[in-house]
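Chemist: got a sequence here, can you build the structure:
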Amino acid sequence: MVAPLSHVRVLDMSRILAGPWAAQTLADLGAEVIKIERPGRGDDTRSWGPPFLKDADGADTNDSAYFLSCNRGKKSLALDISTPEGQQVIRDLAAVSDVLIENYKVGGLAGYGLGYEDLKAVNPGLVYCSITGFGQTGPFASRAGYDFLIQAMGGLMSVTGERDDAPGGGPQKIGVALTDILTGLYTTIAALTGLTRRQTTGEGCHVDMALLDVTAATMANQALNYLVSGVPPGRMGNAHPNIVPYEAFAAADQHIIVAVGNDGQFARFVEAAGHAELATDARFATNRGRVENRDVLIPIIKDFLKQRTAADWIAMLETVGVPCGPINNLEQVFAHPQIKARGLQREADHPVTGSVPQVANPIRFTGEPLDDPAAPPTLGQHTEDVLRDILDLDDAAIARLRDAGAI
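Modeler: The predicted model follows:
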């Protein structure tokens, strides 16, 4: 298929995860993404390892698995924006770009003459996306914000992990930087919305994305549980605050997930387990009753689930349409027949190692698969290509940038 965003050029001036994830998503959809990196160092995450990608001799390269997870499909331009010459290159690229993504501190790029108002002057249609921990306004605007910190401040850690009075209880972060990922996805939505708005108004816009805003907004049912009841929800381990039974249970050999989403599924679940009487018990017949009486019901379920193996339960419950499944590690995930059938693991050509593993973008257009994007770039891999092909600079102009220390 023709890549949906093949007409879009993105200037990626972000690093770490939230901004690069947004830019990578746009690249997956066909946008030309130019990643601006510091000469000699590059994105901080290039060094966030081990593990590192290995070359043909088995030695570590300079690129970590972390960097490879969020920078595919991009062109790397090594550029020192602290130099006047480097700043001019950014202005020239912004003039011919559609979207700019940055995650400097509030006012950071303005200090180089590269803030929104500066670049709006050279490209009124530019959709300029700023990502910070706390946003462009408010009493915390000047503070740095990282995913772990924002998971705590935004309430996510207050509902994650075992109860405080249970073994292993206490604050617990999510196992991936979910606040960064969600902010990246919201930034992608905002960028595409800005481009659509530009079609009508002819004007770009300044998008103000904050990790704290995104975390609070994505607390979803837990946020409304508090706003409706006035009671802050707490940590419940693997249990669900609004649905029962919906958690991890120990079978005879290992844990499984049982995710009963409605009363019909509950009736089929307990009937298959040989305890049909639970479905007609007034305390458990409805989800509301099961939530209110979870302390009575859950021990009963735990007792009978321990009597059979995980494989037995999964086979039995799948037959009667009750959602259940194992708790897989990532080796098991990528070996799973459904993951294989959907093509989630990919390989991309790499200039140093020959190939590099990637995880496919999950967006599917039925019958029209997205093209596999290029591998994450090596540092400065496309510097001269970008300067020549996009800015039409000749050898002499590129040499002057090199002599000035800009590239």
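
Chemist: number of residues surrounding A152?
Modeler: 16 (other Cβ atoms under 10 Å). (Each C-beta comes from the backbone N, C-alpha and C, glycine too.)

Chemist: quick check, pLDDT for it.
Modeler: Per-residue confidence (pLDDT) for A152: 98.

Chemist: chain neighbours aside, what residue packs nearest to it?
Modeler: Using Cβ to Cβ, 6 or more residues apart in numbering and skipping residues adjacent in sequence, the residue nearest A152 is P171, 7.0 Å away.

Chemist: that neighbour against G155, yeah?
Modeler: No: judged on Cβ atoms under 8 Å, P171 makes no contact with G155 at a distance of 11.5 Å.

Chemist: quick one, which of these two is more surrounded?
Modeler: G155 (20 against 12).

Chemist: that one: what's its closest spatial neighbour, skipping adjacent residues?
Modeler: Nearest one to G155, counting by Cβ to Cβ, 6+ apart, is M219 at 5.5 Å.

Chemist: and the one you found, how far from D118?
Modeler: To D118, M219 is 36 Å away according to Cβ to Cβ, to the nearest Å.

Chemist: follow-up on the earlier one: so the residue nearest to A152 sits in a strand?
Modeler: No: counting by DSSP: H, G, I helix; E, B strand; the rest coil, P171 is not part of a strand but coil.

Chemist: contacting residues around it?
Modeler: For P171, the contacting residues are A152, M157, S158, T160, G161, by Cβ atoms under 8 Å, 6 or more residues apart in numbering.

Chemist: I181 now?
Modeler: With Cβ under 8 Å, 6+ apart, I181 has these contacts: L17, A18, W21.

Chemist: okay, and which of those residues map to helices?
Modeler: A18, W21 (DSSP state H).

Chemist: show me where the stretch 51-200 of the chain has helices.
Modeler: Under the criterion DSSP state H, counting those that start in this stretch, the stretch 51-200 of the chain contains helices at 65-68, 84-95, 116-120, 147-153, 178-201.

Chemist: out of the ones you listed, which one sits most buried?
Modeler: Of the helices of the stretch 51-200 of the chain, the one with the most neighbours on average (mean count of other Cβ atoms under 10 Å) is helix 65-68, at a mean of 22.

Chemist: from the contact counts, what lies against that helix?
Modeler: For helix 65-68, the contact count by 3 or more Cβ pairs under 8 Å, 6 or more residues apart in numbering; DSSP states H and E identifies strand 52-54, strand 354-359 as packing neighbours.

Chemist: and it, how far out from the chain's middle?
Modeler: 13 Å (Cα atoms, centre = their mean, to the nearest Å).

Chemist: please apply the same query to stretch 13-29.
Modeler: 9 Å.

Chemist: can you point out the buried residues in it?
Modeler: Across stretch 13-29, burial judged by 16 or more other Cβ atoms under 10 Å covers 13-29.

Chemist: check stretch 75-84 too.
Modeler: By neighbour count with 16+ other Cβ under 10 Å, stretch 75-84 contains the buried residues K75, S76, L77, A78, L79, D80, I81, T83.

Chemist: residues contacting it, please?
Modeler: Against stretch 75-84 from outside (Cβ under 8 Å, 6+ apart): 32-40, 42, 86-87, 89-90, 112, 114, 377-383, 385-387, 404-407.

Chemist: contacting residues for H255?
Modeler: A248, F249, A310, I327 are the contacts of H255 under Cβ under 8 Å, 6+ apart.

Chemist: for D385, same thing?
Modeler: D385 neighbours (Cβ under 8 Å, 6+ apart): K75.

Chemist: then the host helix or strand of it to PDB, C-alphas only?
Modeler: Under the criterion of DSSP states H and E, D385 resides in helix 383-389. C-alpha atoms of helix 383-389 as PDB (Å, rounded to 0.1, in the frame of the first residue of the first chain):
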ATOM      1  CA  THR A 383      23.800  13.400   8.100                       C
ATOM      2  CA  GLU A 384      25.200  14.100   4.600                       C
ATOM      3  CA  ASP A 385      22.100  12.600   2.900                       C
ATOM      4  CA  VAL A 386      19.800  14.900   4.800                       C
ATOM      5  CA  LEU A 387      21.900  18.000   4.100                       C
ATOM      6  CA  ARG A 388      22.200  17.200   0.400                       C
ATOM      7  CA  ASP A 389      18.800  15.800  -0.400                       C
END
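
Chemist: could you point out the helix or strand that follows it?
Modeler: Downstream of helix 383-389 (by DSSP H and E), the next one is helix 395-403.

Chemist: buried ones in that next one?
Modeler: Result for helix 395-403 [16+ other Cβ under 10 Å]: buried residues I398, L401.

Chemist: what's in contact with it?
Modeler: E85, G86, V89, E384, L387, R388, L393, I407.

Chemist: would you map the helices across the stretch 251-400 of the chain?
Modeler: 263-272, 277-280, 287-292, 294-305, 310-319, 330-335, 337-342, 383-389, 395-403.

Chemist: need those helices in a markdown table (columns: mean pLDDT and distance to E368).
Modeler: Formatted as a markdown table, the helices of the stretch 251-400 of the chain follow (pLDDT from 0 to 100; distance: least, Cβ to Cβ, whole Å):
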| stretch | mean pLDDT | distance to E368 |
| --- | --- | --- |
| helix 263-272 | 98 | 35 |
| helix 277-280 | 97 | 45 |
| helix 287-292 | 98 | 40 |
| helix 294-305 | 98 | 43 |
| helix 310-319 | 97 | 31 |
| helix 330-335 | 97 | 25 |
| helix 337-342 | 96 | 15 |
| helix 383-389 | 98 | 28 |
| helix 395-403 | 98 | 39 |
